[in-house]
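Q: what's the 3D shape of this:
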Amino acid sequence: MAEIQQFALPDVGEGLTEAEIVSWAVQPGDTVTTNQIIVEIETAKSLVELPSPFAGEVVALHFAEGDTVDVGEAIISIASGALERVPDADADAGADADDDDGEAIDAGPEAEEHPEEEPKLLVGYGPGAPRPRRRRGTAAQVAPAAGPIEPVTPAPAEAAAPIRCTPPVRKLAKDLGVDLATVTPTGAGATITQDDVLSAADTHRPSASTTPSSSEIRVPIRGVRKHTAAAMVSSAFTAPHVSEFVTFDITGTMELRSRLAARREFADVKLSPLSLIARAFLRAIERTPAANSRWDDAAQEIVQLSEVNLGVAAATPRGLVVPNIRSAQRLGLRDLSVAIAELAATARAGRTAPEAMAHGTATISNFGVFGVDAGTPILNPGETVILGVGSITRRPWVIGTGDAETIAPRWVTTLSLSFDHRVLDGQQASELLADTAAFLSEPELAVL
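A: Residues are numbered from 1 along each chain as shown. Presented below is the predicted three-dimensional model:
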């Protein structure tokens, strides 16, 4: 007998509570295998592809593309006579112990020859996984996660005509705030059309005195933008921000970049000015270690950290994300350049993992790429410093002193430093910013 399994939206990391359905890779009636990608979701931090923990036939999709789903809600039902379940982690551990007399297993080449024997264990599934919550409508008519199919006949008082519409129409109704249960369908088979939703929206629109201009475009706030907005508001009204600026001649670093780029070890590396600025900033943090700290409000303590997890703000079509490079102070210039390039490419593709955006300790925001000279960046929550990088442009600059003083075209930029004044005082922050600029003005100082 076929058995219905419901796949509940798991917590894909960092305690997220909801996600948006971006796209379904399957439809009702499709056959799926264990670990086959079935849906792409957008969390507050990244895009994530979810594999199926079950094998069988898709019975129903419980949410449409564009819907926001709480963690723990069933998003899909799959029917199968002999389920290809994800192995129980405890049982596997016991079997391994019996086979190897308690010794750890090294998953080497032999393990790679049979990847199907080790399916991925989804977050939120396996031992101790929460049971999915049942939804109304379609979800209430399938059996829970275990047991055979048991038809459910709703009581006459609870019976209601099903709402028939396509996912885009459902999303349109959600964006316009229209309750589909109140819309009169005019499409074939009592299907709600786009015009039906727009008509219902016009019917319930406020009076002309409060109606927004027809030229306005309203964009729902969700996913990354929603998370960023909440984080920035929290940071701005929690940490007392102070910002400082320094404008200086960065020609020495630009010339060093040209020389390094011509070297064999940098032949396949994108050596950007940002890489050199990041290296100088990390070097300056070494001289002002209090900058790599966090404020523990509960304990009323400043917690100084030994590892610098350097965040690099990246603008993406989905909003601003700040993945970080773990233990960045341990990397040489080449490895740091590679890490920054990979971080940016992954962010632009929307594939940054949630864990890559956690536990940052200091951040760089390069708004100079947009032609902006300077700015006052807001701290990432939990961090003490953020360095803003302005555009690097050719300007007339005074060089030399006394009788040797001349004006010449030079590469010039402005750095801005925002810091938490609870953790750093003005002298510490000024020294951090001045050291960063000094290392970039005269790169040879970095070896001292």
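Q: quick one: buried residues of the one helix or strand Arg294 maps to?
A: For Arg294, the host element (DSSP states H and E) is strand 293-296. By 16 or more other CB atoms under 10 Å, the buried positions in strand 293-296 come out as Ser293, Arg294, Trp295. Yep, even glycine has a C-beta here, placed from its N, CA and C like the rest.
Q: distance of the last one from Gln304?
A: Per CB to CB, to the nearest Å, Trp295 is found 11 Å from Gln304.
Q: can you check the second one too?
A: Between Arg294 and Gln304 the distance is 9 Å, computed by CB to CB.
Q: how about low-confidence regions in the stretch 1-150 of the chain?
A: For the stretch 1-150 of the chain, the stretches with pLDDT under 70 are 1, 13-15, 44-45, 81-150.
Q: what about 90?
A: Applying pLDDT under 90 to the stretch 1-150 of the chain flags the ranges 1-3, 11-20, 22, 40-49, 65-68, 70-71, 80-150.
Q: what's the closest non-adjacent residue to Asp179?
A: Leaving aside its chain neighbours, Asp179 sits nearest to Ala173 (7.7 Å; criterion: CB to CB, 6 or more residues apart in numbering).
Q: Next, the contact list for the one you found, please.
A: Cys165, Asp179, Leu180, Val183, Ile192, Val197, Ala200 (CB atoms under 8 Å, 6 or more residues apart in numbering).
Q: ok, which stretches of this structure are helices?
A: 89-100, 109-112, 167-176, 194-203, 223-236, 251-261, 273-287, 333-348, 426-441 (DSSP state H).
Q: quick one, which of these is nearest to Thr17?
A: Between Thr17 and these, the tightest spacing by CB to CB is seen for helix 223-236, at 10.8 Å.
Q: helices and strands around the closest one, which ones?
A: strand 319-321 (3 or more CB pairs under 8 Å, 6 or more residues apart in numbering; DSSP states H and E).
Q: I'd like the mean pLDDT over the strand it packs on, please.
A: Averaged across strand 319-321, pLDDT comes to 84.
Q: For it, give me every contacting residue.
A: With CB under 8 Å, 6+ apart as the criterion, strand 319-321 contacts Lys45, Ser46, Gly223, Val224, Arg225, Thr228, Ala313, Ala314, Ala347, Thr352, Met357.
Q: Can you list the strands that that strand pairs with?
A: Sheet neighbours of strand 319-321, with direction, are listed as strand 314-316 (antiparallel) (DSSP bridges).
Q: chain center to the partner strand: distance?
A: The chain centre lies 10 Å from the centre of strand 314-316; the measure is CA atoms, centre = their mean, to the nearest Å.
Q: again, but for stretch 286-296
A: For stretch 286-296, the distance to the chain centre is 25 Å (CA atoms, centre = their mean).
Q: okay, how far is it across that stretch, tip to tip?
A: Start and end residues of stretch 286-296 are separated by 22 Å (CA to CA, to the nearest Å).
Q: Could you pull out the strands in the stretch 301-448 of the chain for me?
A: All strands of the stretch 301-448 of the chain, identified by DSSP state E, counting those that start in this stretch, fall at 301-304, 310-312, 314-316, 319-321, 324-325, 362-365, 385-389, 393-399, 406-420.
Q: burial count for Lys435?
A: You called it Lys, but residue 435 is Asp. 20 (other CB atoms under 10 Å).
Q: again but with Gln300, I slipped
A: When neighbours are counted by other CB under 10 Å, Gln300 comes out with 7.
Q: low-confidence ranges in the stretch 301-448 of the chain?
A: For the stretch 301-448 of the chain, the ranges with pLDDT under 90 are 315-321, 347-355, 357-358, 444-448.
Q: what about 80?
A: Counting by pLDDT under 80, the stretch 301-448 of the chain has low-confidence residues at 317-318, 447-448.
Q: Same check on the stretch 151-300 of the chain?
A: By pLDDT under 80, the low-scoring segments of the stretch 151-300 of the chain are 151-162, 164-172, 174-175, 188-189, 201-215, 217-228.
Q: 90 - rerun?
A: Ranges of the stretch 151-300 of the chain meeting pLDDT under 90: 151-182, 184-238, 270.
Q: Show me what the strand holding Arg294 is in contact with.
A: Under CB under 8 Å, 6+ apart, the answer for strand 293-296 is Ala239, Ile302, Val303, Gln304, Leu305, Thr361, Gly382, Glu383, Thr384, Asp420, Arg422, Val423.
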